[in-house]
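Undergrad: Quick one, structure for this:
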Amino acid sequence: MQTSWVITIDGPAGAGKSTIARMLAERLGAVFLDTGAMYRALTAAAMDKGVDLEDVESLLKVFETTRFQFEHDGQVLRVLVDGQDYTQRIRSPEVTEKVRYAACQPAVRSRLVQMQQDFARRFPKVVTEGRDQGTVVFPHAKWKFFLDADAAERARRRQKDLAQSGTYVSLEELKEQIENRDASDRNRSVGPLTAAADAVVIDTTPLTAQEVVEKILQIVGSGDGGS
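TA: Sure thing, here's the model as predicted:
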């Protein structure tokens, strides 16, 4: 069983998914589900425990030995790992670089998909973002969107986000990370990055986040967001 009122927003890294999903959830009185935070939390926990990220069995054991908590605090998803606040830790460049290992393992993805569906059942309205939300996790979602943007623009956005937390990474390095992640996401055997057949595709390259939100609201309906 899954939540009946779900908006899915999929797309590659840096396309604006998290920002737009958060803004959209606020406008519609829904909960924002940041699925990337779950992949990142697993990756960060595994790294901190010294787990080989390429060893699937060891990675799966992290689920059994670690307590993950995802607490909805307004429009911010607070991430706790074994009681410690990992909300900022999971956004670090070293975690970003390694998260693809968890994302490309079918057994690991299956566990995380279950975690995402369990989270959504707790709330009547959910706006979720990720890479397989409309195709795998919530295939019967009422509304589906796929956001895209060119790699240079996505690198610029990522650099701006990192700068806000006091971290500087060159555009060249970020663009390379994004292109490597794109290749990994699009070519994996399970839950590959692709637009659902019934998703609305939006190129966010020339648009502000607010403009994208307004475009989505025009489609969803700016009233109560449907029933």
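Undergrad: tell me the secondary structure for residue 22?
TA: Under DSSP: H, G, I helix; E, B strand; the rest coil, the three-state class of residue 22 is helix.
Undergrad: Dump stretch 206-221 to PDB, keeping only the CA atoms.
TA: Written as PDB, here are the backbone C-alpha positions of stretch 206-221 (Å, rounded to 0.1, in the frame of the first residue of the first chain):
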ATOM      1  CA  PRO A 206      17.000  28.900 -18.000                       C
ATOM      2  CA  LEU A 207      14.400  29.000 -15.100                       C
ATOM      3  CA  THR A 208      14.600  30.100 -11.500                       C
ATOM      4  CA  ALA A 209      13.400  27.700  -8.800                       C
ATOM      5  CA  GLN A 210      10.300  29.900  -8.300                       C
ATOM      6  CA  GLU A 211       9.500  29.700 -12.000                       C
ATOM      7  CA  VAL A 212       9.700  25.900 -12.000                       C
ATOM      8  CA  VAL A 213       7.400  25.700  -9.000                       C
ATOM      9  CA  GLU A 214       4.900  28.000 -10.600                       C
ATOM     10  CA  LYS A 215       5.000  25.800 -13.800                       C
ATOM     11  CA  ILE A 216       4.300  22.700 -11.700                       C
ATOM     12  CA  LEU A 217       1.500  24.400  -9.800                       C
ATOM     13  CA  GLN A 218      -0.200  25.300 -13.000                       C
ATOM     14  CA  ILE A 219      -0.300  21.600 -13.800                       C
ATOM     15  CA  VAL A 220      -1.200  20.300 -10.400                       C
ATOM     16  CA  GLY A 221      -3.600  23.000  -9.600                       C
END
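Undergrad: what is the rounded mean pLDDT of it?
TA: Averaged over stretch 206-221, pLDDT sits at 94.
Undergrad: for that stretch, which positions count as buried?
TA: Applying a neighbour-count criterion of 16 or more other C-beta atoms under 10 Å, one finds 207, 209, 212, 213, 215, 216, 217, 220 buried in stretch 206-221. Using the backbone N, CA and C atoms, a C-beta is placed for each residue, glycine as well.
Undergrad: try stretch 145-157
TA: Taking 16+ other C-beta under 10 Å as the criterion, stretch 145-157 shows 145, 146, 147, 148, 149, 151, 153, 154, 155, 156, 157 as buried.
Undergrad: Three-state assignment for the first one, please.
TA: When the structure is reduced to helix, strand and coil (three-state DSSP), residue 145 reads as strand.
Undergrad: what is it paired to in the beta sheet?
TA: Bridge pairing for residue 145 (DSSP bridges) gives the partners residue 9, residue 200.
Undergrad: And the nearest residue to residue 68 once chain neighbours are set aside, how far from residue 143?
TA: What sits nearest to residue 68 in space, not counting adjacent residues and going by C-beta to C-beta, 6 or more residues apart in numbering, is residue 41, at 5.6 Å. Distance from residue 41 to residue 143, counting by C-beta to C-beta, to the nearest Å: 27 Å.
Undergrad: Those two - which one has more neighbours?
TA: Set side by side, residue 41 and residue 143 show unequal neighbour counts under other C-beta atoms under 10 Å, the larger going to residue 41 at 28 against 21.
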